[in-house]
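S.K.: take a look and give me a structure for this.
(2 chains)
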Amino acid sequence: MENGPVQDELTALRASAELRTVTDTIRDYSIVLLDPQGVVLTWNTGARQIEGYAAEEIVGQGFDRLFTAEDRAAGRPQTFLTEALRTGRAQQEGWRVRSDGSRFWADEVISPLRVENGAAKGYVKVTRDLTRRRQNDEHWSEERTLLTVASVTDYAIFMVDPEGTITTWNLGAERAKGYRADEAIGRNFSMFYTPEDEAAGKPRRLLRRAQEEGRVEDEGWRVRKDGSRFWADVVISRVNDGNGKLIGYTKITRDLTERRRAEEHLRQAEERLHLMIESVQDCAIFMLDREGRVATWNRGAEHIKGYTAQEIVGQHFSRFYPPEEISAGKPERELEMASSTGRFEEEGWRIRKDGSRFWANVVLSATRNRDGVLIGFTKVTRDLSERKRAAEEMAERARQQSSAAELGLYALQTAQLDQVIERSMQTIRETLQIDDVRIFRAGESLPPGARTVRIHAPEPDAEYGFLAASASRPLTPNDVGFLQAIANVLAVAMARSQSEEQLRRAEREAAEERGNTVRVQEALLERDEFVSVAAHELRTPLTALQLKLQGLENSGGFPQPKAERLGAAVRQTERLARLIDRLLDVSRIAQGRVEMAPEIFDLAVLVRQVAEDFREPAAQARAALELQLPEKVEGSWDRLRIEQVLMNLLSNAVKYGAGKPITMKLEELDDVVRLSIADRGIGIAPDDVDRIFGRFQRAAPIRNYGGMGLGLYITRHIVEAHRGTISVASKLGEGSTFIVELPRLSATAAAGRDKVSRARA
Amino acid sequence: MTAPSCGRTVLIVEDDADTRLALAEVLQDVNYRPLHAANGAAALEELRAAATAPCVILLDVMMPIMDGKQFNAELQKDPALSEIPVVVLSAHADLDSAAQQMQVAGFLRKPVDLGALLATIEQFCGRE
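M.R.: Numbering: from 1, shown residues only, chains lettered A, B, ... in the order given. Below is the predicted model of the structure:
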């Protein structure tokens, strides 16, 4: 009020009886003048009706007392004025407070008055109570009221006469309907109606109702000058003169198109959002009120948590938490964090209706109204159990694979099957966390209820046995796969162990075989040694016996037949001595102890000499000895041994070729000397030919040679010791020819060794 | 080789009594004078006690107390005895090398043929 001119003007305005009259007649709108600071200057009937104050109570007070305490604290009244001044118009919907303290939802428009140099001289505040419709018979009594509201641009405010002819027009009307005052005044207001409404007589009907009821309100389509339609809220009030006579109607039209569109959008958006939220199945999306009680519930929530909306709405959300977290105050703490920071997110265990737990991702957001007042929380919960389970399963599987791989390595490095088995059992027990795991042989009955896997054998469709695991928990396919992996390691270890066992057995048998051979050899050596010792021992008594008999024979003087008997005894002791010699020869040959003493001599001389020695026995056998000898056959041989050969062969020939001539032949063939001794006797069967000159077999019992005498056996070895060969050509009944071939220089390394003269029996 | 005063004496060194006796008998039959000893030690005693050395010693090899080899070695060490010829009489045909080392005058193998024995002995006594 310090501003002089403004004050003056406003005072004048306030003083205007006309204005007062006009505004006073309006009962559905609080129309109030404010000074630049927001102090109430005028107070109309509508204001009293809507906001409850009498003019004297409020005029001179700041209009901010009409706001809620929160709004006042937030400085909203002042913001409102500033906004109006800046934009030329400000509109708000919001809570306002009546004089009795009750609240109403208001639609309020503030317009600045006479703006000059960026300052307003005042404001017009038009407030409408949207909380309830009021039945009001107040009339517009003054045509000029419209002047007052000329500056109101958000409302088309105009008057019509009783017939509906337009008599006044304001800026709001011009803006809403597109007509200028001169275009509108004088025409019937029915031109604002759609052809259909007009044809249906709606304009006239509305006027009649206003006349009868004092006031009529209508929402519906109206038509602008350019033919476009807008959604309008229309209030028509009857206006009487001072005598109560009808002088016309005030008509206030508000263009609700924008609002309607916005509302429609909002409605649709909300509906879509609602539908969307409702239809989401994978996420629980629901709201909590400020105290944490469930306010809304969607299908996903029902799906995840198991409660129906009916069951859960109104319940505190802490029931979704495990008991230990409830007692730790976690739900409340989360609400606090969400309200202080706006948002809270975590992963953790939650409880379903049936008591089961699931691993959840939870986002809790504080929800505030446009004034920032906390009205509740939005909670979005996702069930991550599957994902968590999959991750855990993968980790478990990796762990199992690593265990199996380690075991495989161990089995590779460990030859002992029992150790591999023990380690396998340990690995299974530790990895699967079970105690009862056993190996069963193929064919054993398996424990009922155990999971069993086959321990394959190398042969197809064969098995060593089974691995059987019993657990209180169900074994997963992963677990069974792990068991099979272990069973395969065992199979390999068992196969290897079996092969090794076979190998060891074979080795053992081979060793035994070797041992046997050694024992046989030892036994043979022992026998040869025994023969040798025995032969020597026999010689001692034989020496005494032979000397005594020969001594008796030499002393003579025995009459026949005693002398003859004595001679036989002497011959038998001599034969016994030869047998002992042969026995010793065989023994030496068997022990590889045949020593050669080569010397250079004339073999032809030796043959003649031996033949001479055999002259008598040959004559007794009526076998003529024929010799075919070169003059001289020199070579290097063991004379005594060769003599033995000649004697053996010749004695055989005399023995088996009795009655037929015997031919001894000596030939020189380059480096070889061939001796043949042929008889025409009984001959030798082909089978026996093989036998007498078969390869020397150490294990062969010497008695097998007995049938042929020891002579040929010894002969063969003497010849072979000279690196010669002996063979026989024979036909049964036609006789045999023994052929000995000796290298002329058979000298073995015994050369240079002086001979001790030996006397032979 | 041998002193003419050996008087057909032959020393028989042989542990087997029967063989020793048999040898003595057959030698006595043909007018040798056999002396005998059961081992090398006894033979050495016999030799040292005897007034005259024997014409030849018939020596067995394997004997208790002192075997033929030791006896021969002792014999060679004694100048009074080393000239006496020794003929080894052994059951072991393989003792060639042993006999060689002993450097004896002859070698006869048991069982010894009486003819061969007398022929050998006669070589050493026949001069007389």
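S.K.: can I have stretch A:361-375 written out in CSV, keeping just the CAs?
M.R.: Extracted C-alpha coordinates of stretch A:361-375, given in CSV (Å, rounded to 0.1, in the frame of the first residue of the first chain):
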residue,chain,number,x,y,z
ASN,A,361,17.5,-59.0,-6.1
VAL,A,362,15.6,-56.2,-4.4
VAL,A,363,15.2,-52.5,-5.4
LEU,A,364,13.4,-50.4,-3.0
SER,A,365,12.6,-46.8,-4.1
ALA,A,366,11.0,-44.1,-2.1
THR,A,367,7.9,-42.7,-3.8
ARG,A,368,7.1,-39.0,-3.2
ASN,A,369,4.3,-36.8,-4.5
ARG,A,370,5.1,-33.8,-6.6
ASP,A,371,5.6,-31.8,-3.4
GLY,A,372,8.3,-34.2,-2.3
VAL,A,373,6.2,-35.7,0.4
LEU,A,374,7.0,-39.4,1.0
ILE,A,375,3.9,-41.3,0.2
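S.K.: could I get the buried residue list for it?
M.R.: Buried residues in stretch A:361-375, defined by neighbour count with 16 or more other C-beta atoms under 10 Å in any protein chain shown: A:N361, A:V362, A:V363, A:L364, A:S365, A:A366, A:T367. C-betas here are computed from N, CA, C, even on glycine.
S.K.: by pLDDT, rank these and give me the bottom one.
M.R.: Minimum pLDDT for the buried residues of stretch A:361-375 is recorded at A:T367 (86).
S.K.: now do the phi/psi pair for residue 117.
M.R.: Using chain A here. A:N117 has phi and psi values of phi 50, psi 40 when expressed as degrees, to the nearest 10.
S.K.: neighbours of it, just the number please.
M.R.: Residues near A:N117, counting by other C-beta atoms under 10 Å in any protein chain shown, number 4.
S.K.: would you mind giving the secondary structure of the closest residue to B:V86 other than its chain neighbours?
M.R.: Using C-beta to C-beta, 6 or more residues apart in numbering or on different chains and skipping the chain neighbours, the partner closest in space to B:V86 is B:V104 (4.3 Å). Following DSSP: H, G, I helix; E, B strand; the rest coil, B:V104 is assigned to coil.
S.K.: list the contacts of B:V104.
M.R.: Residues near B:V104 by C-beta atoms under 8 Å, 6 or more residues apart in numbering or on different chains: B:L59, B:N72, B:P85, B:V86, B:V87, B:V88.
S.K.: go through those and name the one nearest chain A.
M.R.: Chain A lies nearest to B:V88 out of the contacts of B:V104, by C-beta to the nearest C-beta, at 9.0 Å.
S.K.: I figured the closest one was touching B:F107, is that so?
M.R.: Yes: when contacts are counted by C-beta atoms under 8 Å, B:V88 is listed as touching B:F107 (5.0 Å).
S.K.: so which of those two has more stuff around it?
M.R.: Set B:V88 next to B:F107 and count neighbours by other C-beta under 10 Å: B:V88 wins out with 25 against 22.
S.K.: what's the local residue count around A:W359?
M.R.: A:W359 is flanked by 18 other residues according to other C-beta under 10 Å.
S.K.: what pLDDT is listed against it?
M.R.: 88.
S.K.: is the host helix or strand of B:N72 in proximity to chain A?
M.R.: Element membership for B:N72 (DSSP states H and E) is helix B:68-77. No: using C-beta under 8 Å from any C-beta of the partner chain, we find that helix B:68-77 stays clear of chain A, coming within 13.9 Å at best.
S.K.: for that helix, name the packing helices and strands.
M.R.: Here helix B:68-77 touches helix B:40-49, strand B:56-60, strand B:86-90, helix B:96-102, going by 3 or more C-beta pairs under 8 Å, 6 or more residues apart in numbering or on different chains; DSSP states H and E.
S.K.: the same query, at a cut-off of 6 Å, please.
M.R.: When contacts are defined as 3 or more C-beta pairs under 6 Å, 6 or more residues apart in numbering or on different chains; DSSP states H and E, helix B:68-77 packs onto helix B:40-49.
S.K.: what about the strands in the stretch 101-250 of chain A?
M.R.: Using DSSP state E, counting those that start in this stretch, the strands of the stretch 101-250 of chain A run over A:103-113, A:122-129, A:155-160, A:215-223, A:229-240, A:246-255.
S.K.: return the most buried member of the ones you listed.
M.R.: Of all the strands of the stretch 101-250 of chain A, strand A:155-160 carries the top mean neighbour count, a mean of 26, counting by mean count of other C-beta atoms under 10 Å in any protein chain shown.
S.K.: what score does A:L650 have for pLDDT?
M.R.: Looking at A:L650, its pLDDT reads 90.
S.K.: what about it, distance to A:G659?
M.R.: According to C-beta to C-beta, to the nearest Å, A:L650 and A:G659 sit 16 Å apart.
S.K.: likewise A:W637?
M.R.: A:W637 is 32 Å from A:G659, where distance means C-beta to C-beta.
S.K.: fine by me, we can end here.
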